[in-house]
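Undergrad: sequence and computational prediction follow.
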Amino acid sequence: MGKNLTDPSITNDMAKFTALSKEYKSLEDIAAKYIELRDLISNIANNKELVKTEKDQELKEMALEELAEQEPYKEKLEEEIRFMLIPKDPEDEKNAMVEICAGTGGDEVCIFAEDVAHVYSICRRQRMESGSR
């Protein structure tokens, strides 16, 4: 897919290029996690083999310590990948409009609505600055 991003017929069509770039970005993250998991599984297998065959007790202990760290991390990575593979809702990329109004209840409700709007705008601005949606 990365080759397609440099194809002149696609780079000339901004709609295709944008759609392909978004798809590439979403798959790139999953692929990176998969490669990390694949390498971790290989390391776990190597450490298990080392524990079985190694004569040096110190090396066995080091391999066991690494296994104790790697096994829980493997489960965490698998869970992250499962979560990443959940199909995205097409509505996620769209904008939303939020209306905060006082309704009935007097001045206190107006003050509360203003506070809610203020806190929401601060949180939204911080999320935009940090790059998350």
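TA: Happy to help now that I have it. Numbers count the residues shown, from 1 in each chain.
Undergrad: and the gap between the closest residue to Ile41 other than its chain neighbours and Asn43?
TA: Once flanking residues are discounted, Ile41 sits nearest to Lys74: 6.8 Å by C-beta to C-beta, 6 or more residues apart in numbering. Every residue, glycine included, has its C-beta placed from N, CA and C. Note on Lys74: its distance to Asn43, by C-beta to C-beta, to the nearest Å, is 9 Å.
Undergrad: ok, Glu78 next?
TA: With C-beta to C-beta as the criterion, Glu78 and Asn43 are 15 Å apart.
Undergrad: kindly report the same for Ala113.
TA: Going from Ala113 to Asn43 by C-beta to C-beta gives 55 Å.
Undergrad: from Thr11, how far off is Thr18?
TA: Separation of Thr18 from Thr11 (C-beta to C-beta): 11 Å.
Undergrad: same check on Ser42?
TA: To Thr11, Ser42 is 37 Å away according to C-beta to C-beta.
Undergrad: neighbour count: those two, which is higher?
TA: Taking other C-beta atoms under 10 Å, Ser42 and Thr11 do not tie; Thr11 has more neighbours (13 against 10).
Undergrad: quick check, that one in contact with Phe17.
TA: Yes - counting by C-beta atoms under 8 Å, Thr11 touches Phe17, with 5.6 Å between them.
Undergrad: buried ones in the host helix or strand of Ala63?
TA: Assigned by DSSP states H and E, Ala63 belongs to helix 57-84. Buried residues in helix 57-84, counted by 16 or more other C-beta atoms under 10 Å: Lys60, Ala63, Glu66, Leu67, Gln70, Lys74, Leu77.
Undergrad: what pLDDT does the first one get?
TA: It refers to Lys60. Note on Lys60: pLDDT of 92.
Undergrad: pull the contacting residues for it.
TA: Shown in contact with Lys60 (C-beta atoms under 8 Å, 6 or more residues apart in numbering): Leu50, Val51, Glu54.
Undergrad: ok, the last one next?
TA: For Leu77, the contacting residues are Lys33, Glu36, Leu37, Leu40, by C-beta under 8 Å, 6+ apart.
Undergrad: all set now, cheers.
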